[in-house]
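Novice: return atomic coordinates for the entry below.
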Amino acid sequence: YYFMYGQDLKEVIKSYTKLTGKPIMPPNWALGWSQSRGMLVNEELTREIAAEYRKRDIPIDIIYQDIGWVEGLQNFEWRKDRYDNPKKMLSDLAEDGFKVIISQDPVISPAVEDQWQEAAKKGFLAT
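Specialist: Predicted coordinates:
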């Protein structure tokens, strides 16, 4: 247990940050406008939305890809039936000034046997 004390709130916060460290400032683009839409999970729709923002001169810095971008939902592989060329898409979006953030569930999926084998081999699973 930790007890934070001080003459006023400012001193209490100073004591707390001495213990935990000061928070980092995120990059400027992370504080900008973003497009997040449930089920934004394919290249065609992503490119279409990005193009409309630029066409309409609406400022935007970030475009998200929802969890459906992956095969099997947890294996970090782009779905081939939804993305023709993800590297090119990311490159094109970057050229247009977009940062792309992809959603990912941090789990080991029972649907992806390779994940189980890798986790077991590296000692990541409780025994």
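Novice: CA only for contacts and neighbour counts going forward, please
Specialist: OK.
Novice: low-confidence regions, the protein specifically.
Specialist: Along the chain, the model assigns pLDDT under 70 to residues 72-74.
Novice: quick one: the helices in this protein?
Specialist: 9-20, 43-55, 86-95, 113-121 (DSSP state H).
Novice: okay, those in a markdown table with mean neighbour count next?
Specialist: Formatted as a markdown table, these follow (neighbours: other C-alpha atoms under 10 Å):
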| stretch | mean neighbour count |
| --- | --- |
| helix 9-20 | 13 |
| helix 43-55 | 14 |
| helix 86-95 | 14 |
| helix 113-121 | 13 |
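Novice: CSV please, covering those and showing distance to Phe76.
Specialist: Converted to CSV, the helices of the chain look like this (distance: least, C-alpha to C-alpha, whole Å):
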stretch, distance to Phe76
helix 9-20, 32
helix 43-55, 16
helix 86-95, 12
helix 113-121, 10
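Novice: closest to Trp29 out of the ones you listed?
Specialist: Relative to Trp29, the nearest member of these by C-alpha to C-alpha is helix 86-95, separated by 12.2 Å.
Novice: packing partners of the closest one?
Specialist: helix 43-55, strand 99-102 (3 or more C-alpha pairs under 8 Å, 6 or more residues apart in numbering; DSSP states H and E).
Novice: could you give the angle of that helix to helix 43-55?
Specialist: Here the directions of helix 86-95 and helix 43-55 differ by 10 degrees (axes from the mean of the first three to the mean of the last three C-alpha atoms, to 10 degrees).
Novice: ok, residues contacting helix 86-95?
Specialist: With C-alpha atoms under 8 Å, 6 or more residues apart in numbering as the test, helix 86-95 has contacts from Glu43, Arg47, Ala50, Trp78, Lys99, Val100.
Novice: these: which two are farthest apart?
Specialist: Largest separation among the contacts of helix 86-95 by C-alpha to C-alpha: Ala50 and Trp78, giving 19.0 Å.
Novice: Ala111: which of the helices and strands packed on helix 86-95 is closest?
Specialist: strand 99-102 (20.2 Å).
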